[in-house]
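generate a structure from the sequence data that follows.
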Amino acid sequence: MGVNIIEKDGKEYINEEKVIYKYKCAERSIIFIRIALFILMLTFYFYQLKEFEIFNFDWIILSIICLIIPIWLILKDMKNFYHVGFYLTNKHLITFSGKKVKLSSLYFKRGSGAIGWGRIALSIYENNGFIIYCIEEDNDEFNKLLDSFYHSTNNEKFKINSTTLKHNFFDVELYIKQKFINKET
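Presented below is the predicted three-dimensional model:
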């Protein structure tokens with residue numbers, strides 16, 4: 001699929017839309033780490049199941065929960081691996097793989113923890129469907145990303161820098177999925 005980028009006057013354009021910002025989301029290798037850990041976990045699980053012959057209802061429910069969460073994380077990582085990064089224009093967010101989404105139908109939420117190893121992660125959704133997450137690798141680049149989001153959406157939530165986000169770790173509002181654009185621009 002891919003994206004057809006045209007350069008005019010030293011600027012990049014996609015379908016006549018000027019590219020405001022290009023951001024490559026890092027941590028593509030995490031999918032391989034998660035798959036290896038998942039296989040290790042499955043091996044341990046089946047060994048325990050065989051060794052102790054545990055087949056009660058509680059063990060089965062716990063097993064299902066413990067299998068669903070890693071599979072869900074691996075599926076998100078696979079999407080992230082596929083899309084790699086994105087281009088931001090005035091009207092669309094276009095992934096490196098070619099998925100084009102109107103800014104008005106985008107949502108975002110802040111994340112952190114295991115996926116970001118103490119760094120800030122920004123997850124982007126189209127309505128209810130996950131698109132991509134970006135982890136802060138470089139403070140300056142991540143701040144430029146937040147600034148470009150602010151200038152293209154006029155959303156006050158993006159008028160913040162990564163250092164402030166790190167210090168607002170317990171601000172629950174940041175973890176709730178929010179509209180990218182509060183009103184049509």
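
and for Trp72, the neighbour number?
If you count neighbours by other Cβ atoms under 10 Å, Trp72 ends up with 11. The way it works is simple: take the backbone N, C-alpha and C, and place the C-beta from them, glycine included.

what helix or strand is it on?
Element membership for Trp72 (DSSP states H and E) is helix 57-83.

go on, Ile181?
Secondary structure (DSSP H and E) places Ile181 outside all helices and strands.

what's the pLDDT at it?
The score at Ile181 is 85. That number is its pLDDT.

ramachandran coordinates for the closest residue to it other than its chain neighbours?
Once flanking residues are discounted, Ile181 sits nearest to Thr153: 4.7 Å by Cβ to Cβ, 6 or more residues apart in numbering. Backbone torsions for Thr153, taken as degrees, to the nearest 10, come to phi -120, psi -20.

chain center to the following helix or strand past the helix holding Trp72: distance?
The helix or strand immediately downstream of helix 57-83 is strand 85-88, counting by DSSP H and E. Strand 85-88 sits 12 Å away from the centroid of its parent chain (Cα atoms, centre = their mean, to the nearest Å).

tell me the spacing between Phe44 and Phe38.
11 Å (Cβ to Cβ, to the nearest Å).

who has more neighbours out of these two?
Phe38 (16 against 10).

what is the burial count for the residue nearest to Cys25 when sequence neighbours are not counted?
Ranked by Cβ to Cβ, 6+ apart and with sequence neighbours excluded, the top spatial neighbour of Cys25 is Cys134, at 4.0 Å. As a burial measure, Cys134 scores 24 neighbours (other Cβ under 10 Å).

do Ile5 as well
Neighbours around Ile5, by other Cβ under 10 Å: 13.

and Gly98, by the same measure?
12.

quick one: the helices in this protein?
30-52, 57-83, 139-153, 162-167 (DSSP state H).

which one of the ones you listed is the most hemmed in?
Highest mean neighbour count among the helices of the chain (mean count of other Cβ atoms under 10 Å): helix 139-153, with a mean of 18.

so what touches it?
20-21, 23, 88-90, 103, 120, 122, 134, 136, 155-156, 158-163, 180-182, 185 (Cβ atoms under 8 Å, 6 or more residues apart in numbering).

among those residues, name the buried ones.
Those of these that meet the buried threshold are 21, 23, 88-89, 103, 120, 122, 134, 136, 155, 158, 160, 162, 180-181, by 16 or more other Cβ atoms under 10 Å.
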